[in-house]
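have a look at this prediction, sequence included:
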Amino acid sequence: MKLRIVAAAIGMAVLSSVASAQASMKISISVAQNSHQGIAIDTFAKEVETRTKGRIKVQPFYSGSLGGERESIEAVQLGTQELTFTSTGPVPNFVPEARILDIPFLFRDKAHARAVLDGPIGQEMLAKFEPKGFKALAWGENGVRHMTNSKRAVNSPEDLKGLKMRTMENPVHIAAYKGFGIVTTPMAFPEVFTALQQGTVDGQENPLSVIMAAKFEQVQKHLSLTGHVYSPAIFLMNKAAFDKLSAEDKASFIEAAKVAVKANRGRVDEDDAKGVTELRAKGMQVIEVDKSKFVNALAPVNVEFEKQFGKANLDRIRAVK
Ligand code: EAX
């Protein structure tokens with residue numbers, strides 16, 4: 001009898017400590033905290049904590065300290081890490097449908113991309129992550145990608161021929177860059193600075209936000225404003241971890257991600273506005289290219305993409321105002 005009372009008392013103590021306990025979750029990015037991605041996860045963490053009145057804490061990890069983007073997505077899928085904010089670079093390896101968003105020159109500009117991602121096409125795509133073990137909370141932004149290298153000034157697509165460039169682990173990018181005559185070397189982001197420094201590769205391509213956050217100006221001389229592809233980002237959460245939340249907390253997580261995306265996109269706009277001046281001041285040679293030449297150079301690859309993805313699907317994206 002006594003024993004039972006003690007057991008019951010212990011049981012209740014455990015229950016009440018669970019109810020009041022703070023849950024702690026991890027979120028990661030592969031770039032530095034002082035960046036468009038840092039502001040995304042810091043804002044998200046703060047919003048979740050406020051909205052759940054401190055019951056749920058989200059701990060941010062920066063600079064690939066939990067691994068590169070592919071590893072982080074894997075960790076989220078397995079549930080060893082609850083959350084990550086990642087570019088779509090390695091995403092097609094998990095959710096192949098998302099590949100269509102990585103096609104060069106598909107979006108006219110950031111406004112077009114944001115409208116697509118926030119509209120029905122983007123929302124349909126978020127749902128595709130669920131059967132793969134993810135809850136995709138919201139689309140964020142990595143930015144419009146440009147090319148850098150340490151070998152030569154790239155004014156036209158011909159200048160790209162034979163350049164050895166690091167690419168993301170993304171099949172669509174790799175196919176397109178091969179179309180430019182680039183020698184592609186897929187690599188996780190945390191390895192890129194050293195690879196550029198040691199000359200393992202001649203160049204790489206990334207948005208101004210990433211180039212600045214990673215200080216690539218220290219190891220790259222030439223920057224060509226090719227704007228060759230829009231790079232989406234995404235808030236991914238382990239689906240089981242999300243499903244465990246109360247309805248109210250679920251709504252809080254989604255709202256928190258929305259607020260974070262606003263901050264994220266705002267910072268990308270700031271970086272784009274000041275990036276060229278800042279990188280020039282730090283010694284980079286910045287080239288404004290005739291973009292139409294780069295678009296034309298990819299015409300044969302685009303024929304392939306239209307076959308692969310369906311012209312109607314591409315036109316549906318292009319038609320968004
Ligand atoms: O997400 O791998 C890349 O080049 C990404 O753009 C970078 O890690 C930021």
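Received, thanks. Everything numeric in this text was worked out from a predicted model, so none of it was measured.

I figured Pro263 was touching Gly38, is that so?
Pro isn't right for residue 263; it's Ala. No: between Ala263 and Gly38 there is no contact under CB atoms under 8 Å: 9.9 Å. Quick note: C-beta positions are derived from backbone N, CA and C, even for glycine.

any stretches of the stretch 201-321 of the chain with poor pLDDT?
In the predicted model of the stretch 201-321 of the chain, no residue satisfies pLDDT under 70.

what residues does it put near the ligand?
Proximity of the stretch 201-321 of the chain to the ligand (CB under 6 Å from any ligand atom) is limited to residues 206, 210, 231.

any idea which helix or strand carries the second one?
Val210 belongs to helix 208-213 when assigned by DSSP states H and E.

report the distance from that helix to the chain centre.
Relative to the centre of its chain, helix 208-213 is centred 13 Å away, using CA atoms, centre = their mean, to the nearest Å.

return that helix as PDB; C-alpha atoms alone will do.
Taking C-alpha atoms only, helix 208-213 is exported to PDB below (Å, rounded to 0.1, in the frame of the first residue of the first chain):
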ATOM      1  CA  LEU A 208      26.400  38.300 -52.700                       C
ATOM      2  CA  SER A 209      25.000  37.600 -49.200                       C
ATOM      3  CA  VAL A 210      27.000  34.300 -49.000                       C
ATOM      4  CA  ILE A 211      30.100  35.700 -50.700                       C
ATOM      5  CA  MET A 212      30.200  38.400 -48.100                       C
ATOM      6  CA  ALA A 213      29.400  36.200 -45.100                       C
END
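
centre of the chain to the helix or strand just after it, how far?
Toward the C-terminus, helix 208-213 is succeeded by strand 222-238 as the next helix or strand (DSSP H and E). Counting by CA atoms, centre = their mean, strand 222-238 is centred 7 Å from the centre of its parent chain.

which neighbours in the sheet does strand 222-238 have, and how are they oriented?
According to DSSP bridges, strand 222-238 forms sheet pairs with strand 83-87 (antiparallel), strand 134-149 (antiparallel), strand 285-287 (parallel).

ok, and what's touching stretch 100-118?
Residues from elsewhere that reach stretch 100-118 (CB atoms under 8 Å, 6 or more residues apart in numbering): 88-89, 92, 122, 125, 139, 141, 143-144, 170, 172-173, 176, 228-232, 265, 268-269, 272, 294-295, 298, 301-302, 305, 309, 313-314, 317-318, 320-321.

typo on my end, stretch 157-166
Against stretch 157-166 from outside (CB under 8 Å, 6+ apart): 147, 149, 151-154, 177, 180-187, 192, 195-196, 201-205, 293-294, 296-297.

go through that stretch and flag the buried ones.
Residues 157, 159-160, 163-166 are the ones in stretch 157-166 that count as buried (16 or more other CB atoms under 10 Å).

quick one on the thing from earlier: which among the contacts of stretch 100-118 count as buried?
Buried subset of those (neighbour count, 16+ other CB under 10 Å): 88-89, 92, 122, 125, 139, 141, 143-144, 170, 172-173, 176, 228-232, 265, 268, 272, 294, 298, 301-302, 305, 309, 314, 317, 320.

quick one: Gly54 from the ligand, how far?
Distance of Gly54 to the ligand, given as CB to the nearest ligand atom, to the nearest Å: 30 Å.

nearest to the ligand, of the buried residues of stretch 157-166?
Among these, Arg166 lies closest to the ligand (CB to the nearest ligand atom), at 7.9 Å.

next secondary structure after whichever strand or helix holds that closest one?
In this structure, Arg166 sits in strand 164-167 according to DSSP H and E. Per DSSP H and E, the first helix or strand lying C-terminal to strand 164-167 is helix 171-179.

just want the angle from that next one to strand 222-238.
Relative orientation of helix 171-179 and strand 222-238, computed by axes from the mean of the first three to the mean of the last three CA atoms, to 10 degrees: 160 degrees.
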